[in-house]
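1. here you go, sequence then predicted model.
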Amino acid sequence: MSILKSRAARGLTSTMVLLGVAVAGPVATAPAASAASGSCSGSVIDTVKHYNYNGTHVATSYVYWDGTYNCVRSDKVGSYYGVSSRMSLTLYSQKGGADPDNGYFKYYAGPVKVNGQNTCIAFELDMWNTSGADMLQDRVPAGGFNHCD
């Protein structure tokens with residue numbers, strides 16, 4: 001099973017599970033962990049604050065490691081928290097894998113996850129304001145990769 005799942009695919013899976021419960025009657029099922037929790041497993045190994053082009057803190061990203069996977073979630077802060085606007089969060093593996101999450105979000109983008117064993121990672125967060133203007137493009141680290149296992 002591929003670790004690369006789009007938000008749409010996760011939503012479709014959850015919808016199919018719910019429809020299955022409605023048709024089949026009461027059956028004990030659990031939604032996909034990533035869709036249910038909206039968070040990452042493991043320990044936080046890095047916290048990155050993101051500032052827009054005007055110098056305003058607009059998001060904070062949390063990088064997790066669980067011994068196998070790296071995972072990132074980017075939370076909106078300040079006046080953007082709770083307001084739907086476009087975000088794009090992509091986690092890259094130095095081995096070539098990537099997991100993107102793109103769309104309009106009120107609170108956070110992600111989680112995105114890649115196998116982090118025997119490799120290094122990098123991530124990029126892009127944000128647009130409510131008018132659709134680009135206000136942030138932040139690659140972490142700025143050049144290369146970090147958090148090598």
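-> Okay, I see it. Numbering: from 1, shown residues only.

2. when you work out contacts or count neighbours from here on, use the C-alpha atoms and nothing else.
-> Fine.

3. which of the helices or strands spans the spatially most central residue of the chain?
-> By CA atoms, centre = their mean, the chain has its centre lying nearest to Gly110, at 1.8 Å. According to DSSP states H and E, Gly110 maps onto strand 108-115.

4. which stretches of the chain form helices?
-> With helices called from DSSP state H, the chain shows them at 7-24, 33-37.

5. related to what we said a few turns ago, list the helices and strands the strand holding Gly110 packs on?
-> Identification of packing neighbours for strand 108-115 by 3 or more CA pairs under 8 Å, 6 or more residues apart in numbering; DSSP states H and E yields strand 69-76, strand 85-93, strand 98-105.

6. and that strand, how far out from the chain middle?
-> Offset of strand 108-115 from its chain centre (CA atoms, centre = their mean, to the nearest Å): 3 Å.

7. and it, average pLDDT?
-> The average pLDDT within strand 108-115 is 97.
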